[in-house]
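A.B. asks: A predicted structure for the sequence below; I have some questions about it.
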Amino acid sequence: MRFPLPWCSRRRFDQSLAGIGAVALIGSAAAMALTPGVSSASSHREAPLIAGDPRADNTDTYAFTSPDRPDTVTLVANWIPMEEPDGGPNFYSFADDARYNIKIDSSGDGRADLTYTWKFKTEIRDAKDQFLYNTGQVTSLTDKDLNVRQFYKLTVTNAHGHTRTLADNVPVAPSRVGPASMPDYRTLRDQAVRSVPGGATTFAGQAEDPFFADLRVFDLLYGGDLSERGSDTLAGYNVNTIALQVPKKALALHGDAEANPVIGVWSTTDRRGADAPGGRSTTPDEWRQVSRLGNPLVNEVVVPLKYKDAFNTLSPHQDRTVQPVVDKVLDPILPKLIEQVYGIPAPEPPREDLFEIYLTGICKACGPIKADLNAHRLNKDADRDAIVPAEELRLNMAVPPAQEPNRLGVLAGDLAGFPNGRRLADDVIDISLQAVEGAAQTGELVEALAEGDRVDNNEVPFEGSFPYVALPHTGPGAAPGGGSSGADKTSAAGTAGSAPAGAAAAGALLLGTGSFRLLRSRKKA
């Protein structure tokens, strides 16, 4: 079967699907069946199965050039959505029986060339005669009053399956119990930031949830009349964060970040013997993927309900084989819903602009967006015949951090922002709304949706150095309902507030004279 896809898909995707997993997602009877080797879900409770397994639920993935260490890339992935600050007595921990992964595709074949894996273990000093997380004031990660502690082993596996240990027995920053128990939580956070061989830095622990959005978008698109906007649904909540800062040369194809600056990033969770759409693993010790996340909002608003759990079991190299999902990229549901509710005409399919953004990366040869930004085809040493469309968060590491970051990223001419990677402060809700309405292709914002969800920033500033995420919330009333008012808050990990539309200077060297200024308002001054 041939799919109506852009560039290389028309050349190569008549190849046999059987050799890459033969995903049986096509047809009603087999809609949720998968062949052995793949399994289930990810992102703020967006798929049915993973909603029941929060410790495996990957909520967001970020990848950006480190603003204070521009020779490195920072990778951030979060788990456990909607953590209440006062969550005792059993506070929030990573699962001991899971593997947490951040994967890098430097060649463009949709497979991981590097897999960074965090494996956790929990130690309880006194489980027999104590029920408390801590038994007194905790002033360090080695404090005897910290009753429940976690440690992890960090490994990296290359494309040939060779695994080496980068760090072992590394302490996790604990859940923030409260000011009486942990009067100086920043010290505990700092003690959990550790250097590892090769110039990398790692962190794992609790953090404030950096995702900001008014999720009343799911109530008939902000109430059916745009009346339900302006409150940050995630304000006041925490998550469990894994972060890694890595030299660019360690991530690039052949170790050459100048010749091969584009990487694809996604994160996953594996469990032993996990349930999957195709049934439970027959081998109790078999690791199965139960969560996957690259670009934000793909599974929430692109993938139909029928396929959500199954989609998150796949490796990106399999994405192009799943006809119903490919169809919904090329002919998405959301613009039709916007037209139904607000009368804004949906762009005509096939949406090769969205295919380019989500599945191939942006390049002049890839689709209708005529700019070379973050497609693997831009890597000089890449085998173009091996490159396949795959849903990954793509980052061109050659684009330097923006001097004046803009929350709308590439749409506003800020080439260091989403969808060229993702910074903590990128407003992915507003960007995505405009993208599905065709703004990346037309270069014009849809005026009726120009204000988006009216949540333009995180409710607290981000940190200026690794791991960049803010300290976790604590105290009564911290969640829910902080509600972002949209006031500007800046950070070294990206500016949440709007910057001038001319913030494209950072990418001028990448695009030359071919201006990629996509933020042009239809309303003339």
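C.D. replies: Thanks, I have the structure now.
A.B. asks: C-terminal to the helix or strand harbouring residue 187, what's the next element?
C.D. replies: In this assignment (DSSP states H and E), residue 187 forms part of helix 185-191. Using DSSP H and E, the helix or strand that follows helix 185-191 in sequence is strand 194-196.
A.B. asks: can you tell me the average pLDDT over that following strand?
C.D. replies: The average pLDDT for strand 194-196 rounds to 97.
A.B. asks: Give me the helices and strands touching that strand, please.
C.D. replies: Packing partners of strand 194-196 (3 or more Cβ pairs under 8 Å, 6 or more residues apart in numbering; DSSP states H and E): strand 163-171, strand 200-208. Placement of C-beta: from N, CA and C, glycine included.
A.B. asks: Determine the set of other helices and strands touching the first one.
C.D. replies: Think strand 163-171. Packing contacts for strand 163-171, counted by 3+ Cβ pairs under 8 Å, 6+ apart, involve strand 148-158, strand 194-196, strand 200-208.
A.B. asks: Near residue 199, how many other residues are there?
C.D. replies: Counted with other Cβ atoms under 10 Å, the neighbours of residue 199 add up to 14.
A.B. asks: where does this protein dip in pLDDT?
C.D. replies: Scanning the chain for pLDDT under 70 picks out 1-48, 274-282, 477-525.
A.B. asks: Just to confirm, which residue in it is farthest away from the center?
C.D. replies: residue 129 (40.8 Å; Cα atoms, centre = their mean).
A.B. asks: quick one, what contacts that residue?
C.D. replies: If you count contacts by Cβ atoms under 8 Å, 6 or more residues apart in numbering, residue 129 has none.
A.B. asks: In three-state terms, label it for me.
C.D. replies: coil (DSSP: H, G, I helix; E, B strand; the rest coil).
A.B. asks: Same question for residue 116.
C.D. replies: Strictly by three-state DSSP, residue 116 counts as strand.
A.B. asks: hey, what's it bridged with?
C.D. replies: residue 102, residue 156 (DSSP bridges).
A.B. asks: Phi first, then psi, for the nearest residue in space to residue 252 that is not next to it in sequence.
C.D. replies: Spatial nearest neighbour of residue 252, chain neighbours left out: residue 260 (4.9 Å); criterion: Cβ to Cβ, 6 or more residues apart in numbering. Per-residue torsions, residue 260: phi -130, psi 70 (degrees, to the nearest 10).
A.B. asks: what about the helices in the stretch 401-525 of the chain?
C.D. replies: Along the stretch 401-525 of the chain, the segments classed as helices by DSSP state H, counting those that start in this stretch run 428-436, 439-442, 508-511.
A.B. asks: want to throw the ones you listed into JSON lines with distance to residue 367?
C.D. replies: Output for those, formatted as JSON lines (distance: least, Cβ to Cβ, whole Å):
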{"stretch": "helix 428-436", "distance to residue 367": "13"}
{"stretch": "helix 439-442", "distance to residue 367": "9"}
{"stretch": "helix 508-511", "distance to residue 367": "16"}
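A.B. asks: okay, those helices, which one's buried deepest?
C.D. replies: Of all the helices of the stretch 401-525 of the chain, helix 428-436 carries the top mean neighbour count, a mean of 24, counting by mean count of other Cβ atoms under 10 Å.
A.B. asks: So which residues of the stretch 1-150 of the chain form helices?
C.D. replies: 7-12.
A.B. asks: As a check, name the ranges of all strands in it.
C.D. replies: 58-65, 72-83, 98-105, 114-124, 148-158 (DSSP state E, counting those that start in this stretch).
A.B. asks: wait, isn't residue 84 in contact with residue 237?
C.D. replies: Yes - counting by Cβ atoms under 8 Å, residue 237 is a contact partner of residue 84 at 7.1 Å.
A.B. asks: between those two, which one's more packed in?
C.D. replies: Legend: neighbour count by other Cβ under 10 Å for residue 84 and residue 237, higher for residue 237 (25 against 15).
A.B. asks: Please tell me how far the more buried one sits from residue 226.
C.D. replies: Distance, residue 237 to residue 226, by Cβ to Cβ, to the nearest Å: 25 Å.
A.B. asks: gap between the two ends of stretch 414-425?
C.D. replies: One end of stretch 414-425 sits 13 Å from the other (Cα to Cα, to the nearest Å).
A.B. asks: What of stretch 88-102?
C.D. replies: Per Cα to Cα, the first residue of stretch 88-102 is 29 Å away from its last.
A.B. asks: mind listing what the spatially closest residue to residue 83 that is not a sequence neighbour touches?
C.D. replies: Among residues not flanking residue 83 along the chain, residue 238 sits closest, at 4.0 Å (Cβ to Cβ, 6+ apart). Counting by Cβ under 8 Å, 6+ apart, residue 238 touches 83-85, 92, 175-176, 206-209, 472-473, 479.
A.B. asks: Nearest the middle, which residue of the protein would you pick?
C.D. replies: Geometric middle of the chain (Cα atoms, centre = their mean) lands on residue 61, at 2.2 Å.
A.B. asks: For burial, what's the neighbour tally of the residue nearest to residue 252?
C.D. replies: 25.
A.B. asks: Do I have it right that it meets residue 383?
C.D. replies: No - contact criterion Cβ under 8 Å: residue 260 and residue 383 do not qualify, at 11.5 Å.
A.B. asks: about what we covered before: so which of the helices and strands packed on strand 194-196 is the most packed in?
C.D. replies: strand 200-208 (a mean of 25).
A.B. asks: Can you give me the neighbour number for residue 209?
C.D. replies: Residue 209, neighbours per other Cβ under 10 Å, totals 29.
A.B. asks: Distance of it relative to residue 172?
C.D. replies: Distance of residue 209 to residue 172, given as Cβ to Cβ: 17 Å.
A.B. asks: Could you do residue 158 as well?
C.D. replies: On the measure of Cβ to Cβ, residue 158 and residue 172 end up 26 Å apart.
A.B. asks: So which of these two has more stuff around it?
C.D. replies: Under the neighbour definition other Cβ under 10 Å, residue 158 and residue 172 were set side by side, and residue 172 has more, 24 against 12.
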